[in-house]
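Student: Next one to model:
(chains A and B)
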Amino acid sequence: MAANQTVRRPKLHVGSYSINGFHLRNPYVIAWWSLVYPGFGHLALGSITKGVFLFLGELVINYMAHVNLAILYSFTGQCQMARSVLDTQWLFLYVGILVFSIYDSYRLAVEFNKLSVLADREYARITPMTLTATSINALVKRQPWVSAAWSVVLPGSGQLMLGENIRAIFLMVVAGGIIVQSHALQAIGLTFTGEFALAKAIIDWQWFLNIPSFYSFAIWQAYVATVEINKLFEIEQAQHLKSQFQSSNFPMPFN
Amino acid sequence: MYILASFQYSLHLELAITDLIERGITREHLFAVPLEVRGETREIFDTIHHADGVSMFDGAAILGAALMTLGVIYGFVHEWGPVIWGLAGLVGGFGLGFVIDYLNGIKRHSKKNRRREQLSEVIIMVKCNASQVDLVKQVFWGHQALGLGVLPGKKPA
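Tutor: Model prediction:
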């Protein structure tokens, strides 16, 4: 493809503050993340604005309706408590945002898979790096488990390592908020000194129930993003080698 | 003389090529063949609704999230509290999911998918004089070539 031709279906954008692009995804996995927490499916797909909006919407509605507390009481057999703690007015909003997130992210995953294949078939040249006054971003190969491990230590730091700054900052700021609001660090300290009763008492359960889904998503997304960035590095390098080092003037042996 | 070497896709590969050009190998005397790696061919119609090679981690993350949530919830009523039960759920879920994906993967790909790390991905061929052979070999070995071979060219007439 000629260098000056416009790209109709791009595969990848290496921007100053993000790396975003298409790759094949399992729509059921995306739908699962939307079930875990509305917004996660969209964040995984790269629809970051949509994802952040749905996530913050869910955070507010969940908090106002006390959904997490209701889940906690229901699963531990205290159904009467669950019923009394729920705010029904907000609960119906919760149903809406949850079901919409699952539906929309599943649909987008199917559509994005088609766009990803079309982008592959256009064979458009990928620009592998960006250099601006305030930032440097480039496709670089990394070990997937390393970025996953960083997101274990602090959700979002694996994404920051990859140069996916927008996703990283969102995850890190929200993780900080959830960790502080839930008193998780105090609970961890008390748990490790054996004071289990005090640990349970200090936890804010409405906030604490956000932690499992948040950590799991950050770890999974960092891992998957690393794998895909590595693949795109290879695709771009193969493009470069084919365009530069397959000259018809090469003196072939045994000619 | 011809030198053929195999590499993985990496920045080292580009450094090796540009190093040779800086040392006087003509650009047109370098030839690259990026290989399609076994097990990586695109099966578009089979996979458009499915993931592409990251499934080893999907099941782990799904079960990790689910069991960690359950661990935190039941830690509410069990003795050790939510931190320990939550972490146990996360580790247990990840492990279980990974084992399930791994066993499924073995069934699906049995012999097809060898470990990717050891595969050659690019072949580079260089045309050079006999006096340059050692230089080229040194540059290639110094930039993580996986394998290398020297081919005598036609005798000068």
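Student: Return the helix or strand in chain B with minimum mean pLDDT.
Tutor: The weakest-scoring helix or strand in chain B, judged by mean pLDDT, DSSP states H and E, is helix B:44-47 (a mean of 36).
Student: Contacts (any at all) between chain A and the helix or strand just after it?
Tutor: Later in the chain than helix B:44-47, the nearest helix or strand by DSSP states H and E is helix B:55-75. Yes: under the criterion of Cβ under 8 Å from any Cβ of the partner chain, chain A is reached by helix B:55-75 at B:55, B:57-58, B:60-62, B:64-65, B:68-75. Backbone N, C-alpha and C define where each C-beta goes, glycine included.
Student: hey, C-alpha coordinates of helix B:55-75 in PDB?
Tutor: Provided in PDB are the C-alpha atoms of helix B:55-75 (Å, rounded to 0.1, in the frame of the first residue of the first chain):
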ATOM      1  CA  SER B  55      -7.800 -17.600  26.500                       C
ATOM      2  CA  MET B  56      -5.200 -19.000  28.900                       C
ATOM      3  CA  PHE B  57      -5.800 -16.000  31.100                       C
ATOM      4  CA  ASP B  58      -9.600 -15.500  30.500                       C
ATOM      5  CA  GLY B  59     -10.800 -18.400  32.500                       C
ATOM      6  CA  ALA B  60      -8.300 -17.600  35.300                       C
ATOM      7  CA  ALA B  61      -9.500 -14.000  35.500                       C
ATOM      8  CA  ILE B  62     -13.100 -14.900  35.400                       C
ATOM      9  CA  LEU B  63     -12.900 -17.600  38.100                       C
ATOM     10  CA  GLY B  64     -10.500 -15.400  40.100                       C
ATOM     11  CA  ALA B  65     -13.000 -12.500  40.100                       C
ATOM     12  CA  ALA B  66     -16.000 -14.800  41.000                       C
ATOM     13  CA  LEU B  67     -14.300 -16.800  43.800                       C
ATOM     14  CA  MET B  68     -12.600 -13.700  45.300                       C
ATOM     15  CA  THR B  69     -16.000 -12.000  45.600                       C
ATOM     16  CA  LEU B  70     -17.500 -15.100  47.200                       C
ATOM     17  CA  GLY B  71     -14.400 -15.300  49.500                       C
ATOM     18  CA  VAL B  72     -14.900 -11.700  50.600                       C
ATOM     19  CA  ILE B  73     -18.700 -12.200  51.100                       C
ATOM     20  CA  TYR B  74     -18.300 -15.400  53.200                       C
ATOM     21  CA  GLY B  75     -15.400 -13.900  55.100                       C
END
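Student: The helix or strand following it and chain A, are they touching?
Tutor: Next helix or strand after helix B:55-75 toward the C-terminus (DSSP H and E): helix B:81-109. Yes: judged by Cβ under 8 Å from any Cβ, helix B:81-109 and chain A are in contact via B:Gly81, B:Pro82, B:Val83, B:Ile84, B:Gly86, B:Gly89, B:Leu90.
Student: Am I right that the fourth one is in contact with B:Gly75?
Tutor: Put plainly, it is B:Ile84. Yes: counting by Cβ atoms under 8 Å, B:Ile84 does reach B:Gly75; the two are 6.9 Å apart.
Student: Who has more neighbours out of those two?
Tutor: B:Gly75 (27 against 18; other Cβ atoms under 10 Å in any protein chain shown).
Student: OK, contacts around the more buried one?
Tutor: Under the criterion of Cβ atoms under 8 Å, 6 or more residues apart in numbering or on different chains, the contact list for B:Gly75 reads A:Lys200, B:Gly81, B:Pro82, B:Val83, B:Ile84, B:Trp85, B:Gly86.
Student: need the residues of helix B:81-109 next to chain A in TSV with pLDDT, can you?
Tutor: As requested, the residues of helix B:81-109 next to chain A are exported to TSV (pLDDT from 0 to 100):
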residue	pLDDT
B:Gly81	74
B:Pro82	76
B:Val83	77
B:Ile84	81
B:Gly86	82
B:Gly89	87
B:Leu90	85
